[in-house]
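# Prediction below, plus the sequence it came from.
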Amino acid sequence: SDVVKTIEVYGEMHRYIPVIAKWAGFSNIGEKVVEHRARKYGVTKFGLERFINGFLDLLTISFVGKFGKKPMHFFGTLGVLFFTIGFVILSYLSILKLIYSKYGIADLPLFYFGILTIIIGTQLFVTGFLAELVTRNAAGRNDYLIEQRIEGKSA
């Protein structure tokens, strides 16, 4: 019952309850064997759509579990990567311009790609900062599961 009160499950994420419970700090997780009976009526609901939804739920809980409390690690890393790629591209084109001055940098599609990657990198980085602000001010940010209280002598 502690697991049910602690974890949040929505959509079709019921199939990932053991993983979510482990991330919530529960260590004694097991499976219980149940009896399955053959379907008597109706048709199965398992199909391609349910498989795709299950995969999307897996991606969601993986992303939220890993980056839910530290979104800057995800967005900041991507932002710095994109910004660096754009900076390298524009630096390369600038050196080409200095060596071969007859070519215009703005005539090359790579120039616009470099600018685009710098802009995307900056936006991702700023998104990471905004996401950090949102998570820092979230209502359940510091919710902890207290297993046992130890009373001590006061000084």
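Cool, the structure landed.

# rest of the way, CA atoms for contacts and neighbours
Noted.

# List the buried residues of the worst-scoring helix or strand of the chain on mean pLDDT.
Every helix and strand of the chain was ranked by mean pLDDT, DSSP states H and E. The lowest is helix 2-6, at a mean of 72. The neighbour-count check on helix 2-6 (16 or more other Cα atoms under 10 Å) flags 3, 6 as buried.

# Work out the gap between it and the centre of the chain.
23 Å (Cα atoms, centre = their mean, to the nearest Å).

# for stretch 24-43, same thing?
Per Cα atoms, centre = their mean, the displacement of stretch 24-43 from the mean C-alpha position of its chain is 28 Å.

# That one: end-to-end distance?
Distance between the two ends of stretch 24-43: 36 Å, counting by Cα to Cα, to the nearest Å.

# What mean pLDDT does it get?
For stretch 24-43, the mean pLDDT works out to 80.

# Residues contacting stretch 113-132, please?
With contact meaning Cα atoms under 8 Å, 6 or more residues apart in numbering, stretch 113-132 is reached by 69-87, 89-90.

# for that stretch, which positions count as buried?
Residues of stretch 113-132 classed as buried by neighbour count (16+ other Cα under 10 Å): 114-115, 117-129, 131-132.

# Quick check: which element contains the most far-flung residue of the chain relative to its centre?
For the chain, the residue at maximal distance from the C-alpha centroid (Cα atoms, centre = their mean) is residue 102, at 46.1 Å. Residue 102 is part of no helix or strand, with elements assigned from DSSP states H and E.

# Can you spell out the domain ranges of the protein, please?
Following automatic domain parsing, one gets these domains for the chain: 1-28+45-67, 68-141.

# And the helices in this structure, which stretches?
Ranges of helices within the chain are 2-6, 17-23, 48-67, 71-99, 109-136, based on DSSP state H.

# In a markdown table: the ones you listed, plus distance to residue 30.
A markdown table is the format used below for the helices of the chain (distance: least, Cα to Cα, whole Å):
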| stretch | distance to residue 30 |
| --- | --- |
| helix 2-6 | 12 |
| helix 17-23 | 8 |
| helix 48-67 | 20 |
| helix 71-99 | 31 |
| helix 109-136 | 31 |
